[in-house]
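Enquirer: quick one, fold the following:
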Amino acid sequence: MALDLDGLFRLPEDDDAPFRSLDGAMAPQLSRVGVQEATAFPEVSLWKPPGPVAHAFFLSDADVIGIRGPVGSGKTTAHLRSRIRRAKMMPRSGLDGIRRYKVTIVRETYRQLWATTVPSWWEVMPKGLGKWAGGRGDPVTHSIQFEDAHGPIHFIAEFMAFGTSAAEIDANARGLQTTDLAMEEADTNPVAGFTKGLTRIDRYPPKDHLRHLPLALQSYGQISCSYNSPDEDNWTVRVLEGENLNDEAKQVRAALSDEGVRISFFRQPGYDEPGCENLANLGPKYYPRAIAGMRAEGRGNDVERLIYNRIGFVRAGDPVFRTQYKRNVHVSATPLAAIPGIPLRIGLDQGYFGAAVIGQFIRPFQWRILGELSFKEGSFAPQFGAALKELLATRWPGHAIYKPAFCDMAGTAQESLEDVTWMNQVADASGLEIEPQRLGGNRIEPRLAVWRAAMEWNQFGVPGLIIDPGCKLLIRGLENDYVWDAEADKSENRGRKPKKRGIRAADAIDAGGYMMLGESLPDGRPLTAELTEQGRALAEAGQGRLDRDPDPQASYDFNPLEGF
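Expert: Next up, the predicted model:
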């Protein structure tokens with residue numbers, strides 16, 4: 001009787017222990033509901049590719065190859081079957097004439113391996129064929145010996161969990177000797193798995209078996225990657241696809257280029273594009289049903305990524321400002337220039353990562369956010385202050401700055417017995433006058449209230465918030481990353497807090513909140529509360545204007561709809 005692998009998947013998501021204990025010898029007895037297992041050794045010459053893009057990926061022998069496609073596009077099958085083709089084309093040993101090939105298929109965790117990768121392998125390769133071994137926290141291997149028209153082949157597929165941190169990956173990859181490294185769901189693996197893998201491929205079989213060949217033919221190793229559309233910041237987009245390059249990706253790609261390593265990337269068409277692959281094997285309602293289900297769950301961003309195959313955001317919860325934030329309203333289509341005569345406002349959030357938001361306040365009510373500052377790898381207070389000074393001098397030279405800049409009250413905490421705080425170190429390095437934002441204390445609710453008020457305010461088509469498109473971290477947070485830490489209480493919203501740990505965008509949103517609290521009422525309410533009350537009173541009285549002299553800044557000498 002087969003063992004039910006599905007029973008293990010009801011464990012908490014972070015419980016990897018039962019999967020680490022699975023023995024490779026148990027694989028032929030394991031079953032997975034919904035998996036149609038292969039029953040005969042696959043003949044790659046008889047395989048019908050799902051489409052031309054997947055076929056080109058299947059045939060590529062570049063040093064590094066990657067394929068990105070929507071769910072159901074056949075990319076996983078093409079990926080795993082291509083390893084059989086690679087084994088058949090492996091050069092023969094000069095010692096005994098046998099082709100020896102080994103592919104190491106890696107994921108972050110053993111849960112991922114057994115939940116999806118090993119069952120996908122069973123759909124390609126009969127699990128009862130050959131010998132399974134290993135497990136209990138170690139790699140699991142499937143060894144097969146077969147013969148084709150050109151002679152015998154010794155084929156090994158090794159399944160390995162590399163881990164989640166650079167230290168884990170380094171420890172697990174050390175000593176690995178393989179021909180090819182296959183990264184399934186490559187975007188879920190850290191980039192360290194890729195860079196370490198580059199040093200471990202082409203190490204099997206031992207070089208003595210290939211010394212009879214010309215030097216160019218002695219290197220046969222390859223790293224292959226398949227994945228769905230990931231987050232725009234994912235390493236696969238930068239390293240494999242060459243888009244949105246940061247310094248780390250530039251170094252990796254430059255090192256590969258210097259060594260003559262060829263990268264070939266293949267993008268399958270999304271569901272809404274001509275040439276969408278594997279449709280014949282899915283049925284006409286596969287994608288419409290998937291779209292309907294994702295949207296019903298509030299996962300519209302996943303429709304873009306997983307169905308239409310567009311790079312986007314990976315969402316980890318329900319966005320805090322989901323109902324208030326509208327990208328087409330609150331993000332300018334073009335860069336925003338600072339308005340002359342109106343001082344720059346600055347908000348700061350303290351910490352090793354920290355953030356600064358720079359904006360302007362236009363009466364009667366509009367926040368224009370012009371720029372942001374953050375460090376992806378973190379920074380110390382003097383470094384942060386120096387960078388802020390440089391940003392202000394470079395982007396807005398000579399522009400007046402509103403005093404004071406406001407920071408998190410935690411920024412006044414002393415770091416030692418001396419009078420050293422994050423706030424005064426940043427102030428010294430930047431030359432700014434900085435004070436803690438005391439309105440609302442250190443409670444999160446007032447900061448959320450001022451953001452909501454700015455997003456909801458709209459007077460005759462003029463939005464209360466408009467953000468420069470270069471504020472990538474802030475926009476990403478409002479749109480996707482700044483999410484509730486727990487499910488909403490359906491009866492009341494008490495106790496609901498945003499998720500902040502590990503969310504860099506939360507620092508930028510907090511910084512913006514400290515800045516905006518500078519234009520709030522003394523009782524902590526957003527300034528828009530008074531404006532709304534005044535407008536209601538005037539409307540009831542039938543008056544067409546405020547019964548006080550207008551603020552001189554209320555008459556616009558610029559286009560308030562700039563960028564809208």
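
Enquirer: got the contact list for the most centrally placed residue in the chain?
Expert: When CA atoms, centre = their mean is applied to the chain, the residue found nearest the centroid is Asp231 (3.5 Å). With contact taken as CB atoms under 8 Å, 6 or more residues apart in numbering, Asp231 is in contact with 187, 311-314. (C-beta placed from N, C-alpha, C; glycine too.)

Enquirer: ok, the residues you listed vs Trp396, which is closest?
Expert: Here the nearest of the contacts of Asp231 to Trp396, counting by CB to CB, is Phe313; it sits at 29.4 Å.

Enquirer: which stretches of the stretch 301-450 of the chain form strands?
Expert: 345-349, 355-362, 366-373, 405-407, 434-436 (DSSP state E, counting those that start in this stretch).

Enquirer: now for the second one, which elements pack on it?
Expert: With contacts defined as 3 or more CB pairs under 8 Å, 6 or more residues apart in numbering; DSSP states H and E, the secondary structure elements packing on strand 355-362 are strand 345-349, strand 366-373, helix 381-395, helix 504-516.

Enquirer: quick one: mean pLDDT over that strand.
Expert: Averaged across strand 355-362, pLDDT comes to 96.

Enquirer: what lines up beside it in the sheet?
Expert: strand 345-349 (antiparallel), strand 366-373 (antiparallel) (DSSP bridges).

Enquirer: could you do the last one as well?
Expert: The pairing partners recorded for strand 434-436 under DSSP bridges are strand 405-407 (parallel).

Enquirer: how far does the partner strand sit from the chain's center?
Expert: Centroid separation for strand 405-407 versus its chain: 30 Å, with CA atoms, centre = their mean, to the nearest Å.

Enquirer: quick one: contacts of it?
Expert: Defining contact as CB under 8 Å, 6+ apart, one finds that strand 405-407 is touched by 345-350, 422-423, 426, 432-437, 511, 514-515, 517-518.

Enquirer: can you rerun that using 6 Å?
Expert: Contacts to strand 405-407, defined as CB atoms under 6 Å, 6 or more residues apart in numbering, come from residues 346-348, 350, 423, 432, 434, 436-437, 514-515, 518.

Enquirer: what mean pLDDT does that strand have?
Expert: 95.

Enquirer: with stretch 274-290 instead?
Expert: 94.

Enquirer: poorly predicted segments of the stretch 301-450 of the chain, please.
Expert: 411-419 (pLDDT under 70).

Enquirer: try it again with 90
Expert: For the stretch 301-450 of the chain, the stretches with pLDDT under 90 are 301-302, 304, 311-319, 322-323, 327, 350-354, 364, 375-380, 408-421, 438-446.

Enquirer: show me what the longest strand belonging to the chain is packed up against.
Expert: Secondary structure of the chain per DSSP state E: the longest strand is strand 151-161. Counting by 3 or more CB pairs under 6 Å, 6 or more residues apart in numbering; DSSP states H and E, the packing neighbours recorded for strand 151-161 are strand 99-107, strand 140-148.

Enquirer: just to revisit the earlier point, relative to Gly163, which of the contacts of Asp231 is nearest.
Expert: Within those, the smallest distance to Gly163 is 16.1 Å, found for Asp187 (CB to CB).

Enquirer: count of neighbours near the residue nearest to that closest one when sequence neighbours are not counted?
Expert: Nearest residue to Asp187, sequence neighbours excluded (CB to CB, 6 or more residues apart in numbering): Pro230, at 3.6 Å. Burial of Pro230 is recorded as 21 neighbouring residues (other CB atoms under 10 Å).

Enquirer: dihedrals phi and psi, Pro230?
Expert: When read as degrees, to the nearest 10, the backbone of Pro230 gives phi -100, psi -170.

Enquirer: next one: it from Ala506, what distance?
Expert: According to CB to CB, to the nearest Å, Pro230 stands 21 Å off from Ala506.

Enquirer: helices of the stretch 251-400 of the chain, start to end?
Expert: Using DSSP state H, counting those that start in this stretch, the helices of the stretch 251-400 of the chain run over 286-296, 300-302, 327-330, 381-395.

Enquirer: could I get the buried residue list for stretch 470-488?
Expert: By neighbour count on 16 or more other CB atoms under 10 Å, the buried set for stretch 470-488 is 471-484.

Enquirer: turn those residues into a markdown table, including distance to Tyr101.
Expert: Formatted as a markdown table, the buried residues of stretch 470-488 follow (distance: CB to CB, whole Å):
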| residue | distance to Tyr101 |
| --- | --- |
| Cys471 | 50 |
| Lys472 | 44 |
| Leu473 | 45 |
| Leu474 | 49 |
| Ile475 | 47 |
| Arg476 | 42 |
| Gly477 | 46 |
| Leu478 | 49 |
| Glu479 | 45 |
| Asn480 | 42 |
| Asp481 | 42 |
| Tyr482 | 47 |
| Val483 | 45 |
| Trp484 | 49 |
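
Enquirer: just the ones in strands from the residues you listed, please.
Expert: Of those, none are assigned to strands by DSSP E.

Enquirer: for the contacts of Asp231, which one is nearest Lys403?
Expert: Lys403 has its nearest neighbour among the contacts of Asp231 in Phe313, at 36.5 Å by CB to CB.

Enquirer: make sure that closest one is actually in contact with Asn480.
Expert: Yes - judged on CB atoms under 6 Å, Phe313 makes contact with Asn480 at a distance of 3.8 Å.

Enquirer: so for His154, what's the pLDDT?
Expert: pLDDT, read off for His154, is 97.

Enquirer: so it bridges to which residues?
Expert: Counting by DSSP bridges, the residues bridging with His154 are Arg100, Gln145.

Enquirer: the one 5 residues further on too?
Expert: Here Phe159 sits in beta bridges with Ile105, Val140, going by DSSP bridges.
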